[in-house]
Every structure is written in structure tokens, then in C-alpha cells.
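Trainee: Give the three-dimensional model of this entry:
(chains A and B)
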Amino acid sequence: MIDVERLIRTELDSVRPLPDGARHDWDDVLARSGQRNRRSRRRLLLAVAAGILIVAASAAGIAAALGAFSGGVTIAQVRACDPSTVALTTPSGAEVLTGHTEEGVYCLAYRSANGGGGGTAGRLGTSRVGDALAMKTLDTASHTYVIVGLVPAGYTTLTVGSTTIPIENQAFVVDSEKADAPAAISGPAGTIPLNLRALAGL
Amino acid sequence: MGQRPQVADLEALYRARYRHFLRVAILITSDQGNAHDAVQEGFAATIRSFPSYRGEGPLEAWVWRAVVNAAKKGRRRPPPDQLEGHEPPASENGDRAETRLVRTWVASLPERQRLTVYLRYYAGLDYNEIATVLDVAVGTVSATLSAAHSRLRNTIEEGSQ
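Mentor: Modelled structure (predicted):
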């Protein structure tokens, strides 16, 4: 019996040797994929966002001083809330951190495996959808957007479409692409439908 | 939430395996410039499709699929005398008899068998990965390679008669 496999393995490289690889240029691949443009756009957006934040922070500072947030959360209350408890760790190594103050302000932070992330704060039960606090943020390690949420105690699972996601220590993380799917949280406290898109302010 | 590949993973693969991707792309396109474009476009397409990746198959097989598809699109129109066969051999001068035999065999293979052989022996992919690249069942890969091997045995036997 002829061992054709061995013959192929020994001779095929002679038929077509590995070509010269001098032209490989990763930057060209990024340019083709649009990553480079996206990076430029992202830098521009970050600069614009930073400008808006500065203006908003100044306005919020003035408003807080005037008591304009008496029905919501003041800057001082947000600052007092420290998201220092790791509520859950995702398979990719990202962490969701939560915290709350005695005044009932809850805060939520997302830390990607490489350290990047974002945060938000508010009162559970006074958000637009009434029962959770959430935000959309970029996982800077995987370059994907996620919706990170904090729900009241007594809920153990988040159902998004046909996917069931565990809620750990009142926190959850879900792919932002699922924002439009019908969602609900459920557990001993009951079942409540969620509009992830509205919840994350999308 | 599924683990998604990162651009850095893809860059590492590109740097480590560029020449292997290029070799197969050259064999498909019959043109080194088009092959280089196909490899770059395949990787770029993979980056663009990250949001839809659901962890189906290994990353390298996913990239091979994109590169092979890009190479097929960038294929140079073959001259009439090569419509039924493979591109001209790179060099036959000084070839050993075994090398000539394998060269003849590769040139004689139908396109699907030839591509499967490239992915198996030049790309070093296993049957599952090849099935992912070609979007066929693993059994089809096995049958295709088996047919290609039989053809080589026949080629050898004909040469020895």
C-alpha cells in the first residue's frame, strides 16, 4: 500500500514553497477594516464628549448648589457612592462593581479585563423603567458593547429573547446587540419585563 | 456572554501565519498581488464581522474562510489552456521524480479537491476546521481527501507502468 499521505507531506512544500512575506502590513488590514477611521472618529467623539461633560458638570454643579436635584440624585450623592464591591466577573475577566449609599443612591461600574470601562449611578425604582439601573458601555478588551445593569434584590435571572443570563449579586451583563429583544427579570420577587434599550438610555 | 476574539489575537495570527495564508491565496488567485490583497481583505472582513461572531469554530478557521472567499473573488481569469487544470508549475527544473508526481497530481485535481488539499497540507487544518472553512460537513471533507488520495495512488501506478 502506498503511503500517499507521507508522500504529499514531504513533496508538497517543494511544489510550492512558502512565498516571501516581506509585504505583510497590519496597518493596511486595519485601514481596510475601517478600524483606523473608527479610531479617529472615536478620538473626535471622545474630545466632543469630554467638552460636553465639562459643560454639563459645570451646569450640574451650579444646579446642585441650587438644589435642583432635590427629587433625583445630586453630584455630591453620586460622588459619595463608591462602586467597590465586585458583584460579578464575566468569563472574559471583566468585573461589575456595585455600591450604594445610606441615602439610597446606587452606583454601578464596569471594568474590562484590561482596565477600561464606565459607570453610572441613580436610585433603583426611580429610573425611567422603574426597577433597574443600567448603562451601555464599551468592553475595551473585546471591543464589544455591553449593557450592564443593577436590579433590586430578589431577582436571579434575566431572560433576553431565548437566552437566560444569571443575575449575580443583583448585577447582570448582556451583549448590547440584544437590547431590542424582549427581556424580563425573574426570581423569588416575581417577574418584571424590562426594556433594555430604554433602561440603558439607548 | 460568549468570549469574543480581539483584534490583537488576529494581529498575532496575521504576523505568525501571513506567508501560509499568502501561499494558499496565490494558488487560488494565480497572482501574488491579488493574493496579498485577498489575505488583507480576509483579515479585514474578519475584523468587520467580529460583532456577529458567536464563537463558532476556531478563530483561524474563521479567518481562513474569509481569506479563501476573498481569494476566490480576486481570482485572475485563467487562460483558455488552463481552464481545466491548475496554474503552471512554479518550476520543474531539477524536480525529483516524487515532486513531479505530486505536482502532476495536484494539477489534475478538481477544484474542490485541490482546495481541500491546500487547506489540509499547506494550511495544516484538521478536518473540522476545513469543514468550517468550506462550509461543508466533516464527512464531505473526509470523502474529498480520500478521493484525492485515490487519484494520487492511480497517478503513481500509471507512472510505474
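Trainee: Torsion angles phi and psi at A:Phe172?
Mentor: Taking degrees, to the nearest 10, you get phi -140, psi 160 for the backbone angles of A:Phe172.
Trainee: what's the burial count for it?
Mentor: By the criterion of other Cβ atoms under 10 Å in any protein chain shown, A:Phe172 has 29 neighbours. Quick note: C-beta positions are derived from backbone N, CA and C, even for glycine.
Trainee: That one and chain B, how far apart?
Mentor: Distance of A:Phe172 to chain B, computed by Cβ to the nearest Cβ, to the nearest Å: 10 Å.
Trainee: Could you check the pLDDT of B:Ala97?
Mentor: On pLDDT, B:Ala97 comes in at 81.
Trainee: what's the burial count for A:Ser176?
Mentor: Count around A:Ser176 with other Cβ under 10 Å applied: 21.
Trainee: quick one: it and A:Ala134 touch, right?
Mentor: No: with contact defined as Cβ atoms under 8 Å, A:Ser176 does not reach A:Ala134; the gap is 10.5 Å.
Trainee: any residues in contact with both of those two?
Mentor: A:147, A:200 (Cβ atoms under 8 Å, 6 or more residues apart in numbering or on different chains).
Trainee: Show me the shaky parts of chain A.
Mentor: A:1-2, A:22-23, A:35-42, A:57-72, A:125-131, A:202 (pLDDT under 70).
Trainee: in it, which spans are helices?
Mentor: Counting by DSSP state H, residue ranges of the helices within chain A are A:4-15, A:26-33, A:35-65, A:75-80, A:196-199.
Trainee: is the second one anywhere near chain B?
Mentor: To tie it back to what came earlier, the one meant is helix A:26-33. Yes: against chain B, helix A:26-33 shows contacts by Cβ under 8 Å from any Cβ of the partner chain at A:26, A:28-30, A:32-33.
Trainee: quick revisit: Throw the helices of chain A into TSV and include mean neighbour count and distance to A:Thr98, thanks.
Mentor: Formatted as TSV, the helices of chain A follow (neighbours: other Cβ atoms under 10 Å in any protein chain shown; distance: least, Cβ to Cβ, whole Å):
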stretch	mean neighbour count	distance to A:Thr98
helix A:4-15	17	56
helix A:26-33	18	36
helix A:35-65	12	23
helix A:75-80	16	14
helix A:196-199	20	16
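Trainee: Distance to A:Gly122 added to those, as TSV?
Mentor: Listed next are the helices of chain A as TSV, based on distance: least, Cβ to Cβ, whole Å:
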stretch	distance to A:Gly122
helix A:4-15	63
helix A:26-33	37
helix A:35-65	14
helix A:75-80	9
helix A:196-199	11
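Trainee: nearest to B:Asp9, of the ones you listed?
Mentor: helix A:26-33 (12.5 Å; Cβ to Cβ).
Trainee: what's in contact with the closest one?
Mentor: Under Cβ under 8 Å, 6+ apart, the answer for helix A:26-33 is A:36-37, B:7, B:11, B:14-15, B:40-41, B:43-45, B:47-48.
Trainee: Can you select the buried ones among those residues for me in ChimeraX?
Mentor: This is the ChimeraX syntax for the buried subset of the contacts of helix A:26-33, where burial follows 16 or more other Cβ atoms under 10 Å in any protein chain shown:
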select /B:7,14,40,41,43,44,45,47
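Trainee: Farthest pair within the contacts of helix A:26-33?
Mentor: Taking Cβ to Cβ, no two of these sit farther apart than A:Asn37 and B:Arg15, at 22.4 Å.
Trainee: Name the residues of stretch B:150-161 that are buried.
Mentor: In stretch B:150-161, counting by 16+ other Cβ under 10 Å, buried: B:151-152, B:155-156.
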